[in-house]
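> Predicted coordinates and the sequence they were generated for:
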Amino acid sequence: MLVSDSDELYNALLTCKLLENSPEYWWPGYGTIEVVFGVILTQNSQWKKVEISLQNLKDANLLSLENILACKQEVLMEYIRPSGMYKNKSRYILLLFQAIKEEFGDFESFTCKVDRRWLLSQKGIGKESADSILCYACKRAVMVVDAYTNRLLQALGYEFESYDDLQDFFRVDDAHMTALFHGMIVEYVKNNSHKKVVDISLML
C-alpha cells in the first residue's frame, strides 16, 4: 500500500510514539558541535560505539572548535578508536574543523551560513553526512534519507533510483519536524522486522 505523501507517513509514525525515550529532537546534542563529530564517527559504525568515542572526547574537553584544532591526529585517533576507521575519521574531523575555522571563523557562524554545496566539497562528507549536519547541527529543514528511510519506503511500495529522488518524496519545511521525522523512521525500522515494517500501512 502506497502512502499518498510524506505528511501521511509522518502522521502514521507519530501514532507509534517512537521517540518517547529519545532526546528532544532525537539526535543527542541537537544544535551543537557534538553533532558534527557524531556524524563523522557514525559512518560505517554502530551508535553504541560512537557514544563511547563521544564520551572520550567529552572527557578530554575536545568538543569545541578551538580545542579539537589544538589536538594532534595521533591523540584524536585513540579517543575515537571505538568507532572504527579511526585513522580516516580523525583526518576528516580535523580537516573539516580546520575548514570551518578558515571559512566561517566560529561554529555559530558556520551553522548560520554553511550550505550543502560547501559541506559536500569537504573530504569525507557525502550527501547523508552533509544533510545530517544541516538538519541536526544547523537546525535546518533538510530531510536526511538513509538506508532506514529507503527500506521503509520500499516496504510501502516505492522505488527510488537515487538519494535525491528519495529525498524529494519528503516535503517538510519545519526544521524540528524534519529532525523528528527522520528519527521516527530510524526507530521504527530498527525496532521492527521486515514483515512488521510493511504493517505500518495498516495504520494509514
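Cool, the structure landed.
> Low-confidence bits of the protein, can you list those?
The chain contains residues with pLDDT under 70 at 1-2, 193-204.
> Which segments of the protein make up each domain?
Using automatic domain parsing, the domain parsing of the chain gives 6-24+142-203, 33-137.
> how about those in JSON lines, adding mean neighbour count?
Where C-beta positions appear, they are placed from N, C-alpha and C, glycine not excepted. As requested, the domains of the chain are exported to JSON lines (neighbours: other CB atoms under 10 Å):
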{"stretch": "domain 6-24+142-203", "mean neighbour count": "16"}
{"stretch": "domain 33-137", "mean neighbour count": "18"}
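> got the end-to-end distance for stretch 106-121?
19 Å (CA to CA, to the nearest Å).
> Tell me the gap between that stretch and the middle of its chain.
15 Å (CA atoms, centre = their mean, to the nearest Å).
> hmm, who's touching that stretch?
31, 33, 64-65, 100, 103-104, 125-127, 129-131, 133-134, 137-139, 142 (CB atoms under 8 Å, 6 or more residues apart in numbering).
> Filter those down to the ones in helices?
Under the assignment DSSP state H, the contacts of stretch 106-121 contribute Ile33, Leu65, Ile100, Glu103, Phe104, Lys127, Ser129, Ala130, Asp131 to helices.
> So of those, which two are at opposite extremes in space?
Farthest apart among the ones in helices among the contacts of stretch 106-121 by CB to CB are Leu65 and Lys127. That separation is 24.0 Å.
> Please save the CA atoms from stretch 130-141 in PDB.
Only the C-alpha atoms of stretch 130-141 are listed here, as PDB (Å, rounded to 0.1, in the frame of the first residue of the first chain):
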ATOM      1  CA  ALA A 130      26.000  16.800   4.800                       C
ATOM      2  CA  ASP A 131      22.300  16.600   5.300                       C
ATOM      3  CA  SER A 132      22.700  15.200   8.900                       C
ATOM      4  CA  ILE A 133      24.900  18.200   9.800                       C
ATOM      5  CA  LEU A 134      22.400  20.600   8.200                       C
ATOM      6  CA  CYS A 135      19.400  19.000  10.000                       C
ATOM      7  CA  TYR A 136      20.800  18.200  13.400                       C
ATOM      8  CA  ALA A 137      23.700  20.600  13.900                       C
ATOM      9  CA  CYS A 138      22.500  23.600  12.000                       C
ATOM     10  CA  LYS A 139      18.700  23.200  12.700                       C
ATOM     11  CA  ARG A 140      17.800  23.300   9.000                       C
ATOM     12  CA  ALA A 141      14.700  21.900   7.400                       C
END
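> For that stretch, give me every contacting residue.
So stretch 130-141 is in contact with 25-27, 30-33, 35-36, 39, 110-112, 114, 116, 119-120, 125, 142-145, 167, 172-179, 182, going by CB under 8 Å, 6+ apart.
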